[in-house]
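>>> The sequence and its predicted three-dimensional model are supplied below.
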Amino acid sequence: QQTVKGVVKEKSSGEILPGVSVVVKGTTRGTETDFDGNFSIERVNTGDVLVFRYLGYANKEVTLGTNFNLTVLLDESSEQLEEIVVVGYGTTTVKDATGSVEAITAKEFTKGNIVTPENLLSGRVAGVNITTSGAPGSGSQIRIRGGSSLNASNDPLIVIDGLPLSGINLSSINPNDIESFSVLKDASATAIYGSRGANGVIIITTKKGRSEYSLDYDFQVAFGEIKDRINVFNADEFRNIIAQQRPQDVGLLGAASTNWQDEVLQKSVSTQHNLSVRGQVFNRIPTRLSVNFSEIEGNILTSQFDRANVSLSMNPSFFDDHLKVSLNYNRAFVNSRSADAGQINAALRYDPTQPVYDASSPFGGFYQHINRTPGGILIQNGTRNPVAALLQSNNTSNTFRQFGNFKVDYKLHFLPEVTATFLVGFDKSTQEGSFFNPLNSPANYTDLFVGAEGSFLNEFNNENLDAYLNYTNTFGKVKLDAMVGYNYQSFNGSGNNTGNLRNPNDAGFTTYTNTPVVLIGFIGRTNFTFNEKYLLTLNYRRDGTSRFGPENRWGDFGGAALAWRISDEDFMKDSKVFSDLKLRASYGLNGQQEGISGDLYLDRYRFGNQGSGYIFGGNPIQSTIPSERSNLRWEDVATIEVGVDFGLFDNKFTGSINAFQKNSTNLISDAPVADGSNFTNRVLQNIGDLQVNGLEFSLNADLIRSEDINWNFNFNATYLDREIKELALGQDITVGGIAGGTGNFIQLFREGFAPNSFYVFKQLYDTSGAPIEGAYADLNGDGIINTQDRYLKGNPQADFTFGFQSNFNYKNFDLAFNLRASVGNYVYNNVNSSLAQYDLLQDNAVLGNIPTSVLETNFNSTSDVIISDYYLENASFLRMDNITLGYTFDRPIKKFASNSIRLWAGMQNVFTITNYSGLDPELAGNGIDNTNYPRPRTFLVGANIKF
Amino acid sequence: CTSDLDITPQDDQDLLGEDFFANETAYKELLAGVYANLSLTGVDGPGSSNIDGLDAGTSQFGRVLLYLQTLSADQMIWSYENDPGTREIQRNIWNADDPIILGMFGRSHVTIAFANNFLRETTDAKLDERNVSAATRTEITAYRAEARLLRAMSYYYMMDLFGQANFLTEDDAINQQSIVYDRAQLFDFIEQELTAIEADLADPMAVEHGRASKGVAWMILAKIYLNAEVYIGQDKYTECIDYCNKIIGGGYTLASNYLHNFMADNNTNSAANEIIFPLISDGTFTQNFGPTTVMINGSVGSIEANGAPLGVSAGGWGGALRVRKQLALLFEPSIFNNDTRNTIISTGRDIEITDISDRDQGYILEKYSNATSTGSFGVDQTFVDTDFPLFRLADVYLMYAEAHLRGGAGANDADVAAYINSLRSRANNPQNNLTISDITLDFILDERSRELHWEAHRRQDLVRYGLFTGGAYNWVWKGNGTNGIALPSNLNLYPIPSASLASNPNLTQNSGY
């Protein structure tokens, strides 16, 4: 008899696995691997079989031969049922989950040019839509099931390690620190977040410390370029079109040939470094420390985003794991210089026959349009040289953000079924910014050189406290898991702005302090599992918010979910097709109060700022007005949902189908109030209903799983239909402000239609199919074409969205790509509608370029055509977000037991197939294409080095 | 610790009512807030607004008034018709969804709400409770009268433009559904209210500039009586003359120079004795996109770039405003060549406007200016220092004459001629010795246009003369015809904005809409 020793590691990453159960088959003898993955079992013989079991991994049997010093590699299980899923205030397993909860872990993350964490999820989860602009480090618009509000927020709640954030600003967080996402979609799962769960919840878990030492270093460099241009006339074409359309102005043409879009766009080089170290401190405290440096260059001249992150995580356990302590602390430093994306519009507008530079120009050597009168001065309302506008304005901001958590889990010594958890967290950020334009820039120029100089400060503070008790026990066939808790959170914000110090008539130094927001919740949850087949979850939360007056302050929210594991029934046990089948149904009630002002119920007065006073007898007096009043209450969002989770052919294919209906009632909507009865003509009121119907389908397939070849793909599809059921007083609400005219809008909220439906005139066409300028259908047949002939057509929300991700490995090669598609989303081309008219060849007293799409319409006057449905386009698209190819060198340095180097290359924004005529069919915001920061195509190369 | 849910506003610009009224200066500041709603659109700069549903700057009281009274008639054209509502107003094709109409209805009712709030917060009971000093309480008596005057003035404009209004007083609670007063009820209310407060108001010009004196109450009364045939179908010309006489006897005098009324220092130059009530504008303290800012920047020519002498940027707003042919023709006779009221620039321009978006067409004018009478300029090149003269003495002279010609008692021919000639003389017009036989109603209508054009009176005048609707008098672009076409008579009133109608079912839409 001998003693067998060994180490257990994760097969693909080589990471050490502690806590793996090792048993000699047919006996009760066995052990668990220690923190370093080592195990040792005495009294074994050749021929004995060791069984290795570990949560989330396939069991492995090893027959002992002559080697009694083993290295055992465990493969992640295709059987993911035991995989842990993080839910609100606790965890569950895939098997026991009753709700529509999707967990995305590192191996499933979307690859490519990931600068901000939410992009790890792009296209990955049915019902989740993430739209990020091309600006470096910009935030994203995240929508889960389209959102459930009109005037309140449609952003999901984001929770990092138990700390709910204010808003969805993740750009200062290092994506490399993220271990997993849990996306909670159904009302039963989100109800535990009560007043904040209505738009779904994304729970982010960061990477934690481990006892074994490892060191990872990632490096990537990205080369970006915006390939597309908005088609405008080039210099020669422009000379021709001026000669044709405005012969009287030929004298205004210049002699240069400038492609202004080329001048304001630049190729970019960006780098990211990530270094993380894991290991045990003082032989006691598993720790992870990571550092990130990102230098991201934008593709509009001068735009830059630099970030440095430090993240520390310590997770010691004491008293035989009875006391677990978890500490996370993150610091982020972001320095960015923002470039005005509106300068792309200025670039397409600027006269291409004029040069960028003009040595004689008083404006810092940049050419600017000067009035045609002799000794002329700068033309006030004309477009300004966009290159000068970018180079001469220096708008920078430095953000310092720190957030962290301290969490204690104590499993009671005298009652180990009960765990008490106490968690405090905070998120503080300070943004200091400055803006500067030199004296010789035309900024704020009104016949005098003023320039601009000033600074601003924004400070936010979010503090959170959770305390909860968890009780888990099994009574025969009944498994019970219950939780009660308390949550307190407060949000504060303040800041100031100096205004333009160079301009004596500027509004001057202003400060603001947000009305604090305090949220208090009492939480309860019970999970019953009967016979491991029938599952019931009940959630309850009583929430109080400072946003509402005492009589409306508290709300009760909750949900119930049932699940039936059909595949565990006797009649299904032997099914060759269904390896797993679970039927789910849930109903839940969430609240919503985010995104609206929090003091409307108070008797408040507001006095005018510096420029908004009155003058009595020549003396300025602080004019004071009563502020609008409204007694608001919670928005209610009730969701009913049924779903099926399935696994086919030994879980080679797994997936789920969900059908749901969300009904938002008492929507807070900014609606007319009887004139004279309030201190404004519209106040937020709880009037309005919105219904969202949806279907979601997702499929994960392990098509090939063999020694050398692995091929996995994931596909998801979402159908969404949102309809406003009721609005205050049945009144339309105008939304969607557009460029071209002061106060123009293009969208409506109207009963019976999707939110933000486009409100346009129906263009008439001549016999040859060309649009007739200013001719619209008289839809109400009253013989007059006026605003009452506008109609609703299309909306920015896609009917269908699809995501497709493929991961392919052959030996040490890996190849992954992502596709996304969107069908039925409409975009209003505001670039063309506000600019592609011949009248705009005159840009005040000078000439201006216009999009060549004018050749298709021959339209002259913007005001005649701007609201035409001609400019509303179906912007369905199919896009390949990224493709990456990598090769891993296994243990290139033999001196160390485990190490690897992966080299990879990839491309972001590979192609987009669309009929949309503008630059990009995919827009954050609400489908209005104007001054959007275009997305570059990016080539990436990188290396991941592990020790 | 659920008591943490009781929050208070932390911004230093916000105050809870109890804290605000703890200081006795609050009452004057609150009164300033009621006045300021006529000048400012919101309290957070010129881009902020107390009302929604239209562009903040456009919602300024004087601006929407100018659009509804002047742009809708025969004196003015706005070039940028992609600014919502402008096209419909100036072509007389408006409907109940028009944002400018919404702006007028909403803005005026907010003044009513502010005034009611002032009255609610200054009752004897409240003042007792807050131990307000006797000195302050004396002042508050006048303040309350002014708040009631501003409320009555708002109802006057509602009566004139819409023929009805939500009727609310200080006794109505916030967010309470209101009753509606029709024209006759509004007429009675305005008449009674202005008479009732007269004693508490200061004598003409015996009050700080920017506040309303008895003169303003008299002016509103004179106006409702002059237009009483339109409002209530009754002849009240005698009453009109009565109040014109009160105003004239109140000590107002014509500015030495007509143009002083429209300059950056019209609060201090000779116009200070002519302007009965100004809408304050100041480039530093009262920034707004109101009528003077719009007219001074907007009247800068697209060709001329003549902004510099007007105290704004040379290019101004690139020719946003121009003159309709009918106004230009009134100044065509040679006697008006050197009339100071003729500020039309026609050189290199054609009188016709065939394409509204072509800013090189049509004449422009230089009536308003951000320059001062002493040759300096307003402090800001966009936000002008020029107050808008909502009511001024010259108007009273012309009303007096008209009421006399229309049969009112209490006036005489000699005074009529003297007043008209004083306007002519002041304008350096050689024809300044008109006799009563020269002065006909038609003459007065034309002279009102020459004297008061672009001062937000024209629609009211044309309605009173029966010329606004129908086809007896057509001007360019009237009814959306290049040379003008007849308008249906229902256009004498504006429609109730659909949002206002929906939010108060007691309102009924005006006929024809």
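Looks like it came in fine.
>>> Just the closest residue of the stretch 101-250 of chain B to chain A, please.
Per CB to the nearest CB, residue B:208 is where the stretch 101-250 of chain B lies closest to chain A, at 3.1 Å. Bear in mind the C-beta positions are built from the backbone N, C-alpha and C, glycine included.
>>> per-residue confidence for that residue?
You'll see residue B:208 listed with a pLDDT of 93.
>>> now swap in residue A:173 and tell me
At residue A:173, pLDDT is 85.
>>> Surely it is in contact with residue A:328?
No: taking contacts as CB atoms under 8 Å, residue A:173 lies outside contact range of residue A:328: 11.6 Å.
>>> about what we covered before: my read is the residue of the stretch 101-250 of chain B closest to chain A is in a helix, agree?
No: per DSSP: H, G, I helix; E, B strand; the rest coil, residue B:208 lies outside any helix segment and is coil.
>>> okay, now it: neighbour count?
14 (other CB atoms under 10 Å in any protein chain shown).
>>> same thing with residue A:573?
Neighbours of residue A:573 (other CB under 10 Å): 9.
>>> do the one 10 residues further on as well
Neighbours of residue A:583 under the rule other CB under 10 Å: 15.
>>> can you check the one 3 residues further on too?
Residue A:586: 26 surrounding residues under other CB under 10 Å.
>>> Which element, helix or strand, includes it?
Residue A:586 belongs to strand A:578-592 when assigned by DSSP states H and E.
>>> pLDDT averaged over whichever helix or strand comes after that strand, what's the number?
Sequence-wise, the next helix or strand downstream of strand A:578-592 (DSSP H and E) is strand A:604-607. Averaged across strand A:604-607, the pLDDT comes to 91.
>>> Could you please name the strands the strand holding residue A:586 pairs with and the direction of each pair?
Applying DSSP bridges, strand A:578-592 is found paired with strand A:554-565 (antiparallel), strand A:635-648 (antiparallel).
>>> just how off-centre is that strand within its chain?
Here strand A:578-592 is found 24 Å from its chain centre; the criterion is CA atoms, centre = their mean, to the nearest Å.
>>> what pairs with residue B:164 across the strands?
Assigned bridge partners for residue B:164, using DSSP bridges, are residue B:182.
>>> tell me the contacts of it?
B:158, B:180, B:181, B:182, B:183, B:186, B:496, B:507, B:508, B:510 (CB atoms under 8 Å, 6 or more residues apart in numbering or on different chains).
>>> which among the residues you listed end up buried?
By neighbour count, with 16 or more other CB atoms under 10 Å in any protein chain shown, the contacts of residue B:164 hold B:158, B:180, B:181, B:183, B:186, B:496, B:507, B:510 as buried.
>>> now the residues you listed in a markdown table, with distance to chain A and pLDDT?
Listed next are these as a markdown table, based on distance: CB to the nearest CB, whole Å; pLDDT from 0 to 100:
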| residue | distance to chain A | pLDDT |
| --- | --- | --- |
| B:158 | 9 | 97 |
| B:180 | 10 | 97 |
| B:181 | 11 | 97 |
| B:183 | 17 | 96 |
| B:186 | 13 | 97 |
| B:496 | 9 | 96 |
| B:507 | 9 | 94 |
| B:510 | 15 | 95 |
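>>> Restricted to helices, list those residues.
Judged by DSSP state H, those include B:158, B:183, B:186 as members of helices.
>>> what about the strands in the stretch 201-350 of chain B?
All strands of the stretch 201-350 of chain B, identified by DSSP state E, counting those that start in this stretch, fall at B:275-279, B:321-323, B:344-345.
>>> and residue A:858, how many neighbours does it have?
Neighbour tally, residue A:858, other CB under 10 Å: 12.
>>> Touching, it and residue A:836? I think so.
No: contact criterion CB under 8 Å: residue A:858 and residue A:836 do not qualify, at 10.1 Å.
>>> for the buried ones among the contacts of residue B:164, which one is nearest residue A:854?
Closest approach between the buried ones among the contacts of residue B:164 and residue A:854, by CB to CB: residue B:496, at 40.3 Å.
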